[in-house]
Structure formats: structure tokens, C-alpha cells
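Trainee: When you get a sec, could you give me coordinates for this:
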Amino acid sequence: MREVDLIITGGKALLLDSKNTYLDHAAIAINAGNIIAVGHTEQITKQYQAKKTITANDSLIMPGFVNCHTHAAMTCFRGIADDLELMDWLNNYIFPAEAKNVNKELAYWGSLLAAAEMIKSGTTTFCDMYIFEDETARAAKEAGMRCLVGEVLFDFPSPNFKTTAEGIAYTKMLIEKWKGDPLVNIIIEPHALYTCSNPLLTEVKRLAEDYHLPIGLHLLENAAEKKQLEEKFGKGAVSFLKDIGYLDEQLIAFHCVCFKDEDIKLFADHGCKVVHNPASNMKLASGVAPVPEMLNAGVMVGLGTDGCASNNNLDMIKEMSTAAKLHKVARLDPTVMDAQTVVRMATIEGAKALSMDKITGSLEAGKKADIIVIGLNKPHLTPIYSEYSHLVYAMSGADVDTVIINGKVVMENRKFLTINEAEVMQKAREIAVKVKQSLRK
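Mentor: Modelled structure (predicted):
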């Protein structure tokens with residue numbers, strides 16, 4: 001009998017592999033951060049003996065959620081500027097608030113607060129764009145979360161750098177500092193086509209190719225941006241990206257609300273990835289991204305919450321429910337974006353969108369043990385005819401009991417093992433006092 005670090009036993013399991021395998025009375029053996037074996041409890045417990053066993057009776061075992069687009073530290077700006085149009089929200093509220101308040105302290109504590117919120121609702125991996133991202137990486141590492149983080153790059157100064165050259169230098173620092181880390185990965189992130197010049201975009205592409213890293217940017221989030229970019233380039237934004245050599249498997253585009261059929265085809269032909277953010281797009285009245293058409297065309301689409309200032313939460317279970325229902329009502333078609341499709345978008349398809357599917361997103365031997373356990377013995381989850389249906393239409397993040405990331409238990413029975421929750425919330429409240437004072441000036 002082989003000894004392993006951890007065995008999870010007894011629950012129902014959705015593996016989210018290529019066959020959408022379902023197991024009853026499932027067990028998973030974990031050692032040195034990796035999934036060693038997945039099977040029935042009787043089979044696994046005969047072959048393996050664990051230092052620690054988590055009994056998951058009356059529970060659902062599944063891969064942790066992959067939140068493909070966040071601005072983690074913006075937890076500190078949750079609710080400061082609601083019910084506004086995108087450009088008004090950005091230019092007149094968010095950018096000024098960031099200029100007055102964002103520093104290393106806010107980035108660190110805001111990111112740690114985000115990590116706490118994400119872990120509590122079952123997210124094990126997130127892709128982040130913000131300012132002082134070394135602090136976000138540090139917070140994620142301390143929380144035990146897997147992440148893909150990048151410093152947001154603009155033509156204009158940010159609270160972290162005065163010139164684009166300094167922004168590129170900071171990005172290079174992130175790449176070198178976190179190279180080979182088991183949890184922290186780096187992405188290069190120009191903010192958007194309307195905030196980045198051609199020379200900056202060229203430098204970003206060169207850097208991405210030199211280091212073999214993905215590029216993430218906001219793209220065609222609403223009609224006003226679409227019109228602005230067409231006037232700027234004399235052509236559509238996606239055609240412009242094609243002309244400058246951006247359309248390839250390295251590109252991850254956030255939002256893509258105003259995609260036309262030809263844009264979808266270009267993305268499909270070039271292997272570009274899309275991240276859908278339905279709650280944020282609804283709240284800012286940006287529109288409805290043509291996600292069913294993207295999926296039908298073969299575009300890889302992941303799911304993300306966006307930041308807390310435009311959602312206003314980081315709960316991927318809520319995001320799944322929103323994604324499924326939004327497209328049904330927008331098309332008056334109850335068959336689109338079925339529950340299984342949306343759950344895959346939040347797990348394995350999201351991992352594919354981030355090019356991390358070889359290590360996470362499904363429960364398969366050889367992958368990293370990024371696993372969540374959801375308690376099912378509750379009135380609102382009784383009876384169960386379909387686990388996928390319950391995940392999308394009945395559950396909430398509060399139903400997540402236990403979270404394992406990279407083989408380490410980071411939350412057990414809703415108690416954190418890596419984060420001092422009370423301290424993090426208190427620090428965020430202290431930062432909020434300063435933010436409120438700055439808004440009065």
C-alpha cells in the first residue's frame with residue numbers, strides 16, 4: 001500500500017475531463033501537490049494510505065473554479081461608483097480614485113481580501129490585471145492560490161510608474177522574480193487599445209514572444225469603445241489586431257461584447273481566447289457578448305467576474321448562473337448556455353483559455369490537486385437530479401466547504417488555514433476610511 005499526503009473519500013465527483021466523467025462514492029489520492037489517482041473509494045483506499053483523510057460524504061468533489069479575469073485589489077473600491085456608464089465610470093470615478101489611493105499597501109491587502117473571497121466561493125486559480133501586481137502575487141502566494149498576474153500597462157502614468165518604459169521594466173521584474181514558482185505565473189497586460197499606443201503594443205508583443213507568455217487586454221467592451229476605435233484606426237479593432245500581429249494563441253481578450261461574425265471567425269482561425277464577464281457587462285450596461293456564437297465557431301471562452309467595482313463580487317458560482325440566464329433571455333432561447341457548458345467554462349475551458357489546462361481545471365491523474373468540496377446535505381440542494389443543474393441554478397459560494405490548492409488544504413469546513421480573515425477585513429476597513437476621505441476632496 002502506497003503512502004500519500006491526502007485522500008478525499010466518499011463524495012460524488014465531477015471530473016470535468018474530456019468525457020465529463022461522473023463518479024459516485026469517489027476518492028482522490030494526492031501526493032506532493034499532484035493528483036495521483038482518481039476512482040471509487042473502495043479502489044483508492046485499498047491502494048493508498050494517507051497522512052490525512054477528508055471524508056466528503058453528502059458532498060460534491062470537483063475541480064476548483066478558474067476566474068479568468070479579475071482586478072483583485074479593487075475589492076477596496078467595491079461599491080464606490082455604481083450605476084454608471086463604462087467610460088464615465090472609468091474616467092470620472094475609478095481612474096481618479098486609483099490615482100489618489102492605490103499604493104503597495106492597498107494592492108496587498110485588497111488582493112488578500114480578494115483571495116479570501118475567492119477561496120470561500122471555490123475559486124482556486126485567477127487571472128489578474130491591476131497595479132503593483134507584485135503585491136498581488138505576494139498575497140496570492142501567502143493565501144496559497146494559483147494565479148496568472150500582470151501589471152496593467154497604459155500610455156499615461158499609473159500609481160506605480162511614470163512612463164511606459166518603467167511599466168515594461170516592472171513587468172520584466174515580475175517575469176524574472178516569479179519564474180518557476182509553483183503558484184504564481186505572469187501574463188503581459190496592456191490595458192486596452194484606447195489606452196495603449198502602437199509603440200507600447202509593439203513592445204508588449206515583443207516581450208511576450210521573448211518570454212513565451214500570454215497577452216491579456218480589454219477588447220470591445222461596449223459600443224462607445226467600438227466606435228472610438230473604428231474612428232482611431234479606420235477599421236475594426238480585431239482587424240487592427242490582425243494587422244499588428246496580435247492574433248494568435250497568446251492573446252486572451254476580456255469582454256468582447258461588440259464582436260461581429262467576422263471578428264469571431266478571425267479569433268477562431270487564429271486560436272485567440274475570450275473571457276466572458278456577464279455580471280460586469282450587465283451592471284455597466286455594456287451589452288451581451290455573442291458567446292454562444294463564439295463557442296459554435298470553436299473559440300475558447302473562459303468565465304470571469306471582472307473586478308469588485310463593477311460586479312460587485314468574485315463568486316464564480318453566481319457568475320455561472322448569470323452567464324446561463326443572460327444568454328437565454330437575450331435570445332429568448334432556454335436551450336443556449338446549458339448548465340454543463342457553463343460549468344466547463346468555469347473550470348477546464350477557463351484553464352484552457354489561460355493555457356493552464358495541463359495543470360488544472362479537471363480532476364485527472366498527473367494534474368495539480370486544485371479541488372473543492374461542496375456540501376450537498378442542505379434544503380436548497382435537495383433533491384438532486386443533476387449536479388450541473390444545482391451548480392448553476394441552485395448553489396452559492398457559501399456552499400463550498402473545503403478547498404485544496406496545489407495539494408494543500410487552504411480552507412477546511414469553511415475555516416481558513418492560510419489567511420487571517422479578521423485581520424484582512426480590518427485592514428480593508430482602514431483603507432476604506434482613506435478612500436472615502438479622498439473622494440470628498
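Trainee: The stretch 151-300 of the chain: strands as residue ranges?
Mentor: Assigned by DSSP state E, counting those that start in this stretch, the strands in the stretch 151-300 of the chain fall at 184-186, 189-190, 215-219, 251-255, 273-276, 300-303.
Trainee: Next, format these as a markdown table and append mean pLDDT.
Mentor: Converted to a markdown table, the strands of the stretch 151-300 of the chain look like this (pLDDT from 0 to 100):
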| stretch | mean pLDDT |
| --- | --- |
| strand 184-186 | 98 |
| strand 189-190 | 98 |
| strand 215-219 | 98 |
| strand 251-255 | 98 |
| strand 273-276 | 98 |
| strand 300-303 | 98 |
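Trainee: Return the set of buried residues in stretch 297-312.
Mentor: For stretch 297-312, a neighbour-count test (16 or more other Cβ atoms under 10 Å) marks 299-312 as buried. The way it works is simple: take the backbone N, C-alpha and C, and place the C-beta from them, glycine included.
Trainee: and of the strands of the stretch 151-300 of the chain, who's closest to residue 27?
Mentor: Among those, strand 300-303 comes nearest to residue 27, with 28.3 Å by Cβ to Cβ.
Trainee: ok, and what's touching that closest one?
Mentor: 66-69, 271, 273-277, 291, 294-295, 316, 319-320, 323, 342, 345-346, 349-354 (Cβ atoms under 8 Å, 6 or more residues apart in numbering).
Trainee: Flag the helix or strand of this protein with the lowest per-element mean pLDDT.
Mentor: Least confident helix or strand, the chain: helix 86-89 with a mean of 86, by mean pLDDT, DSSP states H and E.
Trainee: then that one to PDB, C-alphas only?
Mentor: Taking C-alpha atoms only, helix 86-89 is exported to PDB below (Å, rounded to 0.1, in the frame of the first residue of the first chain):
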ATOM      1  CA  LEU A  86     -18.400  52.400 -18.600                       C
ATOM      2  CA  MET A  87     -16.400  55.400 -19.800                       C
ATOM      3  CA  ASP A  88     -18.000  57.700 -17.200                       C
ATOM      4  CA  TRP A  89     -17.300  55.100 -14.500                       C
END
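Trainee: right, and the helix or strand after it?
Mentor: helix 95-101 (DSSP states H and E).
Trainee: For residue 249, which non-adjacent residue is closest in space?
Mentor: Nearest-residue entry for residue 249: residue 271, 4.0 Å, with adjacent residues in sequence omitted and distances by Cβ to Cβ, 6 or more residues apart in numbering.
Trainee: which residues of the stretch 151-300 of the chain fall in helices?
Mentor: Secondary structure of the stretch 151-300 of the chain (DSSP state H, counting those that start in this stretch): helices at 164-177, 198-211, 223-233, 237-243, 261-270, 278-283, 291-297.
Trainee: what's the closest of the ones you listed to residue 100?
Mentor: Once these are compared by Cβ to Cβ, helix 164-177 is nearest, at 19.5 Å.
Trainee: quick one: average confidence on that closest one?
Mentor: Averaged over helix 164-177, pLDDT sits at 98.
Trainee: what angle do it and helix 198-211 make?
Mentor: Here the directions of helix 164-177 and helix 198-211 differ by 10 degrees (axes from the mean of the first three to the mean of the last three Cα atoms, to 10 degrees).
Trainee: Output the longest helix belonging to this protein.
Mentor: Ranked by residue count under DSSP state H, the longest helix found in the chain is helix 421-440.
Trainee: Pull out the buried residues from it.
Mentor: 424, 427-428, 431-432, 435.
Trainee: can you check stretch 45-65 too?
Mentor: Within stretch 45-65, the residues scored as buried using 16+ other Cβ under 10 Å are 45, 48, 50, 54, 56, 59-65.
Trainee: can you pull the alpha-carbon coordinates of it into CSV?
Mentor: Listed next in CSV are the C-alpha coordinates belonging to stretch 45-65 (Å, rounded to 0.1, in the frame of the first residue of the first chain):
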residue,chain,number,x,y,z
THR,A,45,-8.4,3.1,-0.2
LYS,A,46,-7.1,-0.4,-1.0
GLN,A,47,-4.1,1.0,-2.9
TYR,A,48,-3.3,4.1,-0.9
GLN,A,49,-2.8,5.1,2.7
ALA,A,50,-2.9,8.8,3.6
LYS,A,51,-1.4,11.0,6.2
LYS,A,52,-4.7,12.9,6.2
THR,A,53,-8.1,11.9,5.0
ILE,A,54,-11.0,14.2,4.2
THR,A,55,-14.4,12.4,4.3
ALA,A,56,-16.7,14.0,1.8
ASN,A,57,-19.9,12.1,2.3
ASP,A,58,-23.0,14.0,1.1
SER,A,59,-20.7,16.3,-0.8
LEU,A,60,-19.7,17.1,-4.4
ILE,A,61,-16.0,16.9,-5.2
MET,A,62,-14.9,18.8,-8.3
PRO,A,63,-12.1,21.0,-9.7
GLY,A,64,-11.7,24.5,-8.3
PHE,A,65,-13.1,27.3,-10.3
